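# sequence first, predicted model second:
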Amino acid sequence: MTHRQTQKIGINKGSRRICLWNKIMVEMGFSIGQPISIKSDGQMLTIQPTNESPKKVSGVKNHGKVLPVIDIKENKNLVLSDLGNVGDLVEVKFSKRKIVISRTN
């Protein structure tokens with residue numbers, strides 16, 4: 001089972017930001033508190049659950065329901081410019097134990 005969505009690249013303190021929150025994330029193995037790894041190959045980002053990591057899935061309350069959140073902020077170790085500019089759309093593909101973010105065509 002997979003789920004696809006488009007997401008707009010946002011901005012945080014002048015840098016690119018992609019914020020994912022969707023109830024489907026729990027079914028795909030991304031529950032609140034789950035340690036994750038985020039890797040870039042220059043064309044796409046891959047997010048996967050891992051045993052230990054300082055990066056974890058957080059949570060947000062939306063209309064009374066708690067949803068998992070992965071907030072990806074550009075920094076010196078993670079460059080998002082290959083995915084586009086602020087305001088551009090990216091494709092997010094959720095699958096079991098893997099999230100892939102790439103440019104839209």
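Here it is on my side, so go on.

# list the contacts for the nearest residue to Gln34 once chain neighbours are set aside?
Spatially, and ignoring its direct neighbours in sequence, Gln34 is nearest to Val57 (4.6 Å; CB to CB, 6 or more residues apart in numbering). Quick note: C-beta positions are derived from backbone N, CA and C, even for glycine. By CB atoms under 8 Å, 6 or more residues apart in numbering, the contact set of Val57 is Met25, Phe30, Ser31, Ile32, Gly33, Gln34, Ile36, Pro68, Val69, Ile70.

# hmm, try it at 10 Å
20-21, 25-26, 29-36, 47, 49, 68-71 (CB atoms under 10 Å, 6 or more residues apart in numbering).

# of those residues, keep whichever come out buried.
For the contacts of Val57, a burial check counting by 16 or more other CB atoms under 10 Å picks out Leu20, Met25, Gly29, Phe30, Gln34, Ile36, Ile47, Pro49, Pro68, Val69, Ile70.

# ok, the closest residue to Lys96 other than its chain neighbours to Ser95 distance?
Nearest residue to Lys96 in three dimensions, chain neighbours excluded: Met28, at 5.7 Å (CB to CB, 6+ apart). As defined by CB to CB, to the nearest Å, Met28 lies at a distance of 6 Å from Ser95.

# next: Asn51.
Plainly put, Asn51 is 20 Å away from Ser95 if you go by CB to CB.

# between the two, who's got more neighbours?
Taking other CB atoms under 10 Å, Asn51 and Ser95 do not tie; Ser95 has more neighbours (13 against 6).

# and the pLDDT at the more buried one?
Note for Ser95: predicted pLDDT of 96.

# what sits against it?
Met1, Thr2, His3, Arg4, Met28, Gly29.

# ok, and the most crowded of these?
Counting neighbours by other CB under 10 Å, Met28 leads the contacts of Ser95 with 19 neighbours.

# by contact count, what packs against the longest strand belonging to the chain?
Identified as the longest strand of the chain according to DSSP state E is strand 65-73. Contacts defined by 3 or more CB pairs under 10 Å, 6 or more residues apart in numbering; DSSP states H and E place strand 65-73 against strand 10-12, strand 15-21, helix 24-27, strand 36-40, strand 44-49, strand 58-62, strand 98-103.
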